[in-house]
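Student: model this:
(one chain, ligands or ions: 2)
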Amino acid sequence: MSDATVNDFGQDAQFDDYFALLKPRVMSLVVFTAAVGLLVAPVGVNPIIGFASILFIALGAGASGALNMWWDADIDAVMKRTVKRPVPDGRVTPKNAMIMGLWLSVLAVGMLALTANFFAAGLLAFTIFFYAVVYTMFLKRSTPQNIVIGGAAGAFPPMVGWAVATGGVSIESIMMFALIFVWTPPHFWALSLFMNDDYTKAGVPMLTVTHGTRVTRNNILGYTVVLALVALGTAFTSIGGPVYLAVALVLNAMFLRGAFGLWRREDAAAESDKYADERKFFRLSLVYLFVHFAALLVDAALRGFAFMPQLPVVF
Ligand code: HEM
Ligand SMILES: CC(C)=CCC/C(C)=C/CC/C(C)=C/COP(=O)(O)OP(=O)(O)O
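Tutor: Ligands and ions are numbered 1, 2, ... in the order given. This is a model prediction of the structure:
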């Protein structure tokens, strides 16, 4: 049986095209942070409920990606990095992307309310709204602070995971939020240093476009210093532990060194080596966030996950 449906352009839209609307690669790290938020919480969740909740958070994240791709099709059509996406490439119609995004959002939020609790579902709904409406429809096209404020959307998922388990918010979930919130500017601005032409062409007011690369390099360093403080501070909350502390010390030293290197660089040098350091720093940002959350998970496992029956104390 074919998985193709005919779109408004009379072409075959494949399952793969619809799947790409969910921004699966970016969202995999988002979903991982949500899963960690759930697993490190001090309240145990039935494993089936926990698994289903992560699935619905993933669905919600994907839905917000589809809504973003629907609204941003005009920008995506101009940028080299995004021109081959299903909507600008004509493989999925804007209307179908929007319908899919809306239905999946309703499904994800509704199912999370049924499987977990209303607070977690409300937080997921707010996250989708923040990314698809506040960031995509308003901030992205209007201010160079777009990704600073909009970054909150990407920072909510571990809070949603934590809320699935506990039904609330606490200092630990706020620290996980803060970690991603302060990480997002260095993560994105490193990329925009070597993608500046795309954003200029598309007229998106990213910091590199509006204030230039010198200001962007300064800001990357500033946010990275604050990020190190947040990351190390998290070690001293109840979700921190020896593994996290060791990892945070090493990774923040590496990230600070990278940010300092970018700060010292001039554009002429960066251009001549094809922005090698900027690309390296961007890749390091992905490793940085993944490993911090993985370390939280390891420490939680060493303590014994709350969802596992506690072993009887023998000695
Ligand atoms: C406003 C916030 C953010 C902006 C503007 C942003 C922007 C970007 C951009 C433009 C890319 C390149 C994507 C591509 O090649 O298509 C990217 C890659 C990526 N981002 Fe972000 N990002 C943000 C937040 C996040 C968050 C919160 C996470 C995860 C927690 C994340 C995870 C990733 C990952 C995993 C990649 C690599 C994807 C790949 O290999 O294709 N980003 N980001
Ligand atoms: C649970 C839930 C709803 C999670 C949402 C998480 C979230 C907001 C992730 C944002 C990450 C992201 C793809 C930013 C890209 O910005 P962009 O859209 O400007 O990048 P683009 O140019 O690649 O489209």
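Student: so who does the closest residue to ligand 1 within the stretch 101-250 of the chain touch?
Tutor: Nearest to ligand 1, among the residues of the stretch 101-250 of the chain, is residue 154, at 2.4 Å (C-beta to the nearest ligand atom). In short, each C-beta sits where N, CA and C put it, glycine included. Contact analysis of residue 154 by C-beta atoms under 8 Å, 6 or more residues apart in numbering lists 30, 131, 180, 181, 184.
Student: need these in JSON lines (columns: distance to ligand 2).
Tutor: Below are the contacts of residue 154 laid out as JSON lines (distance: C-beta to the nearest ligand atom, whole Å):
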{"residue": "30", "distance to ligand 2": "5"}
{"residue": "131", "distance to ligand 2": "4"}
{"residue": "180", "distance to ligand 2": "9"}
{"residue": "181", "distance to ligand 2": "11"}
{"residue": "184", "distance to ligand 2": "8"}
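Student: need those in a markdown table (columns: pLDDT).
Tutor: Below are the contacts of residue 154 laid out as a markdown table (pLDDT from 0 to 100):
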| residue | pLDDT |
| --- | --- |
| 30 | 97 |
| 131 | 98 |
| 180 | 98 |
| 181 | 98 |
| 184 | 98 |
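Student: which helices and strands does the helix or strand hosting residue 295 pack with?
Tutor: Secondary structure assignment for residue 295, by DSSP states H and E: helix 276-303. Contacts defined by 3 or more C-beta pairs under 8 Å, 6 or more residues apart in numbering; DSSP states H and E place helix 276-303 against helix 24-39, helix 171-194, helix 212-234, helix 242-264.
Student: do that helix and ligand 2 meet?
Tutor: No: remark: helix 276-303 sits outside contact range of ligand 2, by C-beta under 6 Å from any ligand atom, the gap being at least 11.6 Å.
Student: near ligand 1, anything from that helix?
Tutor: Yes: Helix 276-303 comes into contact with ligand 1 (C-beta under 6 Å from any ligand atom), by way of 286, 289.
Student: starting at the chain centroid, how far to that helix?
Tutor: Distance, stretch centre to chain centre, for helix 276-303: 13 Å (C-alpha atoms, centre = their mean, to the nearest Å).
Student: what of stretch 143-151?
Tutor: Counting by C-alpha atoms, centre = their mean, stretch 143-151 comes out at 14 Å from the chain centroid.
Student: rounded mean pLDDT for that stretch, please.
Tutor: Stretch 143-151 shows a mean pLDDT of 97.
Student: near ligand 2 at all, that stretch?
Tutor: No: Stretch 143-151 stays clear of ligand 2 (C-beta under 6 Å from any ligand atom), getting no nearer than 7.2 Å.
Student: CA atoms of that stretch as CSV?
Tutor: Taking Å, rounded to 0.1, in the frame of the first residue of the first chain, the C-alpha atoms of stretch 143-151 are listed here in CSV:
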residue,chain,number,x,y,z
THR,A,143,13.3,42.0,17.3
PRO,A,144,16.9,40.8,17.6
GLN,A,145,15.9,39.6,21.1
ASN,A,146,13.6,37.1,19.3
ILE,A,147,15.6,34.0,20.3
VAL,A,148,16.4,35.3,23.8
ILE,A,149,12.7,35.6,24.7
GLY,A,150,11.5,32.9,22.4
GLY,A,151,14.1,30.6,23.9
